[in-house]
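# Sequence and predicted structure, then a few things I'm wondering about:
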Amino acid sequence: MTAYGCPVTADGADAADGHRARGSSEAVDSLVDWEFAARTAARLVRPGPTVSRDEAHTAVEQLRAFATEATAHVSATTGLHAPAGEGVLVVDRAGWATANVDAFRTLLAPAVARAAERRDRQPNAVAAAIGSRVTGAEVGSLLAFLASRVLGQYDVFGEADTAADGTVAGRLLLVAPNVLQAEREMDVDARDFRMWVCLHEETHRAQFMANPWLRGHMVERSRALVEDLLGEPGAVVDRLTAALRHLPDLVRSGEAAGTGLIELVQTPEQRRALAELTAVMSLLEGHADVVMDDVGPQVVPSVAEIRRKFTRRRAGRGALDQLLRRLLGLEAKMRQYADGAVFVRTVVDKVGMESFNAVWTSAETLPAPEEIADPGAWVRRVHG
């Protein structure tokens, strides 16, 4: 028997090597040691379930095949079309963490570089090296924590390739050990669960590849928010200090439930910008959740059982895990699935899937934060 320890991909390549962070300005690398972040994540990430070599190979090949097969099912359900099988990688936990080091670097590089340029004094070389190591360790530790929880991810912010039809194709990451662990813990049919996960992630791939403007919009808005947060480091430190001072009271009172640390240090304008970005994320996640269920039992025979057990599993975390999820904003992530799914189902019930797809027309037709909670308002604004 063997544990998932080496990164695995569908083509047998080393995912950690394949996703190494590439290219960045000296200013950015002086603030965050990205290579150290990747090594830290790989060192700290918990091992996956113990499986035989044959089981590991079967899981990798099956996930890859189901991701390709899911494309047609997603297209038939949503009306969104994407080339089958492009950009799909099956990875282990360390591979996922390293890929997200790439994504962080790509997302943060412009904002961090500009923030560094605005500094009144540049740190000396020794201080910069130490500081970048500390920050790299923090990023790596966070990714190591998250790496055991993610089943799959469409990587919007990481390195992208150009697809055969000329569109920009992001990477679809399927985390094999986490899929295996989840299906074992829930005692569900492995074949059905793997297809169910692939349906969700393939829906994300279709969202972005069928609507090429969407990736640029998400990257631009995310970078703008990050740059705004980094633009006044002194003020951020003051707000963070105040937030941490009152954090125990907030947690005890429940007021911090679903609130990440980043939300505690924002101005009202920044909170609005984050709310708008969160509304789009709710749309994307809710839409994918609806599709993975609506493809139906003809594709995933035990879909009702899987949904029931998966929902129970999401809610069944321990006290420490729940606290960490609150502090990191992961509770808000869970609400995105529920709120977004209600929005999608309500709109589709009112106007049908074809008219719902007007949501993908442009940034102006994306739902506002208020409209996620009031789908009828979106229908009236977009369809009259």
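Looks like it arrived, so ask away. Just so it is clear, the structure is predicted and the values come from calculations on it, not from any experiment. Residues are numbered from 1 along each chain as shown.
# what pLDDT, on average, does the one helix or strand residue 216 maps to get?
Using DSSP states H and E, the element containing residue 216 is helix 213-230. The pLDDT scores in helix 213-230 average 85.
# who does that helix touch, helix- and strand-wise?
Counting contacts by 3 or more CB pairs under 8 Å, 6 or more residues apart in numbering; DSSP states H and E, helix 213-230 packs against helix 93-117, helix 190-209, helix 268-294. Any C-beta I mention is one placed from the backbone N, CA and C, and that applies to glycine too.
# in the protein, which ranges drop under the pLDDT threshold?
1-31, 111-131, 159-169, 229-266, 315-336 (pLDDT under 70).
# can you do 50?
Confidence mapping of the chain against pLDDT under 50 gives the ranges 1-25, 27, 236-237, 240, 243-244, 246-247, 250-259, 319-320, 323.
# Would you mind splitting it into its domains for me?
Taking automatic domain parsing as the domain assignment, the ranges for the chain are 1-231, 232-384.
# So residue 381 sits against residue 371, correct?
Yes - judged on CB atoms under 8 Å, residue 381 makes contact with residue 371 at a distance of 7.3 Å.
# If you count surrounding residues, which of the two has more?
residue 371 (20 against 13; other CB atoms under 10 Å).
# Report the contact partners of the more buried one.
Going by CB atoms under 8 Å, 6 or more residues apart in numbering, residue 371 touches 279, 343, 377, 378, 381.
# Identify, from these, the entry nearest to residue 312.
residue 343 (23.1 Å; CB to CB).
# what about that closest one, which helix or strand?
Using DSSP H and E, residue 343 falls in helix 330-356.
# ok and the helix holding residue 216 relative to helix 268-294, angle-wise?
Per axes from the mean of the first three to the mean of the last three CA atoms, to 10 degrees, the angle that helix 213-230 makes with helix 268-294 is 150 degrees.
# mind exporting helix 213-230 as PDB, just the C-alpha atoms?
Taking Å, rounded to 0.1, in the frame of the first residue of the first chain, the C-alpha atoms of helix 213-230 are listed here in PDB:
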ATOM      1  CA  TRP A 213     -14.400  38.200 -21.100                       C
ATOM      2  CA  LEU A 214     -15.300  36.700 -17.700                       C
ATOM      3  CA  ARG A 215     -11.700  35.600 -16.800                       C
ATOM      4  CA  GLY A 216     -10.300  39.100 -17.500                       C
ATOM      5  CA  HIS A 217     -13.100  40.700 -15.500                       C
ATOM      6  CA  MET A 218     -12.500  38.500 -12.400                       C
ATOM      7  CA  VAL A 219      -8.700  39.000 -12.600                       C
ATOM      8  CA  GLU A 220      -9.000  42.800 -13.000                       C
ATOM      9  CA  ARG A 221     -11.500  43.200 -10.200                       C
ATOM     10  CA  SER A 222      -9.600  41.000  -7.800                       C
ATOM     11  CA  ARG A 223      -6.300  42.800  -8.500                       C
ATOM     12  CA  ALA A 224      -8.000  46.200  -8.100                       C
ATOM     13  CA  LEU A 225      -9.300  45.100  -4.600                       C
ATOM     14  CA  VAL A 226      -5.900  43.700  -3.600                       C
ATOM     15  CA  GLU A 227      -4.100  46.900  -4.800                       C
ATOM     16  CA  ASP A 228      -6.500  49.000  -2.800                       C
ATOM     17  CA  LEU A 229      -5.900  47.000   0.300                       C
ATOM     18  CA  LEU A 230      -2.200  47.200  -0.100                       C
END
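# of the contacts of residue 371, buried ones?
Among those, those buried by neighbour count (16 or more other CB atoms under 10 Å) are 279, 343, 378.
# Name the nearest residue to residue 78, sequence neighbours excluded.
residue 291 (5.9 Å; CB to CB, 6 or more residues apart in numbering).
# Could you do residue 41 as well?
residue 97 (3.6 Å).
# quick one: contacts for the one you found?
Going by CB under 8 Å, 6+ apart, residue 97 touches 38, 41, 42, 45, 140, 143, 144, 146, 147.
# pretty sure the third one is touching residue 96, no?
No - between residue 42 and residue 96 there is no contact, the gap being 10.5 Å when judged by CB under 8 Å.
# Looking at these two, which one has more neighbours?
residue 96 (31 against 22).
# List the contacts of that one.
147, 150, 153, 173, 175.
# re earlier: quickly name whichever of the contacts of residue 371 is closest to residue 299.
residue 343 (23.8 Å).
# any idea how far residue 371 is from that closest one?
The gap separating residue 343 from residue 371 is 8 Å, by CB to CB, to the nearest Å.
# overlap in contacts of those two?
With CB under 8 Å, 6+ apart as the test, residue 343 and residue 371 both reach residue 378.
# which stretches of the stretch 1-150 of the chain form helices?
Assigned by DSSP state H, counting those that start in this stretch, the stretch 1-150 of the chain shows helices spanning 15-18, 26-31, 34-44, 53-78, 93-117, 125-147.
# what's the following helix or strand after the last one?
Looking back up the chat, that one is helix 125-147. Defined by DSSP H and E, the subsequent element after helix 125-147 is strand 152-155.
# any idea how far the residue lying closest to residue 147 once chain neighbours are set aside is from residue 353?
In this structure, residue 147 finds its nearest non-sequential neighbour in residue 93, 4.1 Å apart by CB to CB, 6+ apart. Applying CB to CB, the value for residue 93 to residue 353 is 36 Å.
# For these two, indicate the residue with more neighbours.
More crowded of residue 93 and residue 353, by other CB under 10 Å: residue 93, with 28 against 15.
# correct me, but the more buried one touches residue 49?
No - under the criterion of CB under 8 Å, residue 93 makes no contact with residue 49, lying 10.9 Å away.
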